[in-house]
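Participant: Quick one, what's the 3D model for this:
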Amino acid sequence: MSAQDIVKNTKEKMEKVVHHLAEHLKQIRTSRASSALVDNIKVDYYGVPTPLSQMASVSIPEPRQILIKPFDGSILNEIGKAIQKSDLGIQPQNDGKVLRLTMPPLSGDQRKKYAAKVKEMCEETRVALRNVRHDENKVADAELKGGGLTEDQSKKLHDDIQKLLKESEDKVTQLLDKKTAEIMEV
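Facilitator: Numbering: from 1, shown residues only. Purely as a prediction, here's the structure:
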């Protein structure tokens, strides 16, 4: 494996780790409504747990409201039950055609709890990024021992991998700062 392949592989793995974090952060509640909050809720649709996003259109008509309009009106009550079972803590309002979820403002304690959860998730992501670095450095060392790389190429490769780690950790810090600001905003 060439040095370029190792760098490319490292970059792809680190991007996946950061992307995974970004997707999970979308599901953490803030005072503002977001369709990502309900995307992964599973609804019992004729005995099959189906993601809400495949059964209804989700829109945000107001900053603190989520509007859910099912494609099949007969499953409105099932969607309501699934939302109640979820960890959103929001009571859906059913008008017979759509469900409305009004986001209550977060209390100070809730804000701190969610901010701590975000910080913990970001720290776990940093650990995952360091594990990617460790694994890819092992690959680089194996290539050096196998004669595929010279000492200088190996040293440069280790530096490149460290640089990729630093860039990815900076992205994680940006995501942390942005999400924490959203959570703490009144």
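
Participant: can you give me the helices for the protein?
Facilitator: 3-26, 36-39, 76-85, 108-146, 151-184 (DSSP state H).

Participant: Please point out which parts of the fourth one sit buried.
Facilitator: The one in question is helix 108-146. Burial within helix 108-146, assessed by neighbour count using 16 or more other Cβ atoms under 10 Å, is assigned to 111, 114-115, 118, 121-122, 125-126, 128-129, 132-133, 136-137, 139-140, 143-144. No exception for glycine: its C-beta is placed from N, CA and C like everyone else's.

Participant: And the chain, what are its domain boundaries?
Facilitator: The record's domain parsing of the chain by automatic domain parsing lists 3-27+107-184, 36-102.

Participant: Is it possible to get these out as CSV so that each row also shows mean pLDDT?
Facilitator: What follows is those, written out as CSV (pLDDT from 0 to 100):
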stretch, mean pLDDT
domain 3-27+107-184, 92
domain 36-102, 86
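
Participant: Stretch 95-102 spans what distance, first to last residue?
Facilitator: Its start and end residues considered, stretch 95-102 measures 14 Å (Cα to Cα, to the nearest Å).

Participant: Stretch 67-81 too?
Facilitator: First-to-last distance for stretch 67-81 - Cα to Cα - comes to 15 Å.

Participant: and if you look at stretch 31-45?
Facilitator: Terminal-residue distance, stretch 31-45 (Cα to Cα): 30 Å.

Participant: same check, this time on stretch 50-62
Facilitator: 26 Å.

Participant: For that stretch, what is the distance to the chain centroid?
Facilitator: A distance of 18 Å separates the centroid of the chain from that of stretch 50-62, by Cα atoms, centre = their mean, to the nearest Å.

Participant: Which residues belonging to that stretch are considered buried?
Facilitator: Quick answer for stretch 50-62 (16+ other Cβ under 10 Å): Thr50, Leu52, Met55, Ala56, Val58.

Participant: Serialize the residues you listed to TSV and add fields for distance to Glu15.
Facilitator: TSV is the format used below for these (distance: Cβ to Cβ, whole Å):
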residue	distance to Glu15
Thr50	30
Leu52	28
Met55	31
Ala56	31
Val58	27
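
Participant: now the residue in the chain sticking out farthest from the centre: how far from Lys11?
Facilitator: Going by Cα atoms, centre = their mean, the residue of the chain most distant from its centre is Gly147, 40.1 Å out. Computed as Cβ to Cβ, to the nearest Å, the Gly147 to Lys11 distance reads 25 Å.
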